[in-house]
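Asker: Return atomic coordinates for the entry below.
(one chain, ligands or ions: 2)
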Amino acid sequence: MAPSLTVRAIRSIGVEVPMTYALGTSRAVITKAPLLLIDLETEEGITGRSYLWSYMPGVMPAIAAILEVVEEIARGQPLDPFHLSGVLAARFALIGMQGIIRMAVAGFDMAAWDAVAIAANVPLATLVGGRPEPVVAYNSCGLGLMAPDKVADEAEQLLVGGFGAVKLRLGYPTLAEDLAVVHAVRSRIGDGITLMVDYNQALDVTDALARGRALDKENIYWLEEPIRHDDYAGYAQLKRELKTPIQIGENFSLPFAMEAALAADAATYVMPDLERIGGVTGWLRAAELAQQHGIKMSSHLFPEISAHLMTATPTRHFLEYVDWADRIVCDPLKIVDGKAIVPSRAGNGLAWDQKAVERYRV
Ligand code: SMN
Ligand code: MG
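Answerer: Ligands and ions are numbered 1, 2, ... in the order given. I've put the predicted structure just below:
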């Protein structure tokens, strides 16, 4: 049996890590990964680790401050992630389990599951009912809004590692520009490569229908977040009227949002994000929901931890691969033949390269 653990302290450090490929979405261009590294220390000497993707470096101190409140609540408690998830949900209910509060709590939850897996001496995958086996991934680095030739050049580079799928960011001012990029990329990578597109909520329903109808002729594997993330009625209409599968989920706030989206028939596929769905605890519930609805589930960011969880997700689809944490971890996630290799060491496999952390610390 795994030794029981007691929460002692939560430490977090913000880093800004240069990205190999800029992420040029329709909303913002990101060139450095703002990561908040979390260490959860226990009285027994085991440390659980996770990180949060903070989107904007300026909010990292605020998330770190919320983690101090989480520490106050959890300190001295037995490290049972399911129990603590309930305790924290109750304590944060009045202010609201939303936004960066929900992210901080998810960061704690992910680190808690890591510590428990280390104590049990099993990979996180095994602890949650899967096993360390390769997981099919798409390369989601780069492919931001740029000139068609440049996007095509990058798409070609991103196939290194044997990837069979890449994701293009769209939402240029006009449909003609969107199509020019799709055509440039497709002619460069060939018909055998799976191509997803992501609008990052850039369109309204009318424009999404028009662009979606044009994309229906382009062999696009999924159409991601064309409209406001929580317009489930709008998504249901797009799903009914377009042929291309509709993908949403990175903005599901806790499994409740996913339940509402599925009840509204708003998505063909789903792709929860660990820091928004409620950490590992939230993911496990989301995976159950996806199974009940017979809907394929991919991941959003956090490939190191998501890869473990995908092996225990009955309707697993694609792991979203990004290399953004590679420069600050000791052992970056490996890709072989387009699949992520889930590490077989105990825990989620995250450990910080201390020299790199000092270098990129903010
Ligand atoms: C995305 C946008 C912004 C930051 C990270 C990721 C994107 C995705 O929506 O799905 O990869
Ligand atoms: Mg997206």
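Asker: Please count neighbours and contacts with C-alpha atoms only from this point.
Answerer: OK.
Asker: In the stretch 1-150 of the chain, where is pLDDT below threshold?
Answerer: Under the criterion pLDDT under 70, the flagged ranges of the stretch 1-150 of the chain are 1-2.
Asker: again, only using 50
Answerer: 1 (pLDDT under 50).
Asker: Strands along that one, start to end?
Answerer: Using DSSP state E, counting those that start in this stretch, the strands found in the stretch 1-150 of the chain span residues 7-24, 29-42, 47-53, 135-139.
Asker: Now for T20, how many residues are close by?
Answerer: T20: 12 surrounding residues under other C-alpha atoms under 10 Å.
Asker: In contact with it, which residues?
Answerer: W324 (C-alpha atoms under 8 Å, 6 or more residues apart in numbering).
Asker: how much space between M110 and V280?
Answerer: 6 Å (C-alpha to C-alpha, to the nearest Å).
Asker: can you check D337 too?
Answerer: 27 Å.
Asker: which of the two has more neighbours?
Answerer: Higher neighbour count among D337 and V280: V280, with 28 against 15, using other C-alpha under 10 Å.
Asker: May I have the helix or strand hosting the more buried one exported as PDB, CA atoms only?
Answerer: For V280, the element it lies in under DSSP states H and E is helix 279-293. Only the C-alpha atoms of helix 279-293 are listed here, as PDB (Å, rounded to 0.1, in the frame of the first residue of the first chain):
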ATOM      1  CA  GLY A 279      -6.800  19.200 -12.700                       C
ATOM      2  CA  VAL A 280      -6.500  15.400 -12.800                       C
ATOM      3  CA  THR A 281      -9.600  15.000 -10.600                       C
ATOM      4  CA  GLY A 282     -11.600  17.100 -13.100                       C
ATOM      5  CA  TRP A 283     -10.100  15.200 -16.100                       C
ATOM      6  CA  LEU A 284     -11.200  11.800 -14.700                       C
ATOM      7  CA  ARG A 285     -14.800  13.100 -14.400                       C
ATOM      8  CA  ALA A 286     -14.600  14.600 -17.900                       C
ATOM      9  CA  ALA A 287     -13.400  11.300 -19.300                       C
ATOM     10  CA  GLU A 288     -16.400   9.600 -17.800                       C
ATOM     11  CA  LEU A 289     -18.700  12.100 -19.400                       C
ATOM     12  CA  ALA A 290     -17.100  11.700 -22.800                       C
ATOM     13  CA  GLN A 291     -17.500   7.900 -22.500                       C
ATOM     14  CA  GLN A 292     -21.200   8.200 -21.500                       C
ATOM     15  CA  HIS A 293     -21.800  10.400 -24.500                       C
END
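Asker: Report the contact partners of L215.
Answerer: Taking C-alpha under 8 Å, 6+ apart as the test, what L215 contacts is L179, T244.
Asker: Next, format the strands of the stretch 1-150 of the chain as TSV and append distance to D353.
Answerer: As requested, the strands of the stretch 1-150 of the chain are arranged in TSV below (distance: least, C-alpha to C-alpha, whole Å):
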stretch	distance to D353
strand 7-24	12
strand 29-42	11
strand 47-53	13
strand 135-139	24
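Asker: right, and those strands - which one's nearest A351?
Answerer: Nearest to A351, of all the strands of the stretch 1-150 of the chain, is strand 47-53, at 7.2 Å by C-alpha to C-alpha.
Asker: follow-up on the earlier one: tell me the gap between the helix or strand just after the helix holding V280 and the middle of its chain.
Answerer: Once the chain leaves helix 279-293, the next helix or strand it forms, by DSSP H and E, is helix 303-310. Averaging C-alpha positions (C-alpha atoms, centre = their mean, to the nearest Å) puts helix 303-310 9 Å from its chain's average.
Asker: Ok, stretch 276-290 next?
Answerer: 12 Å.
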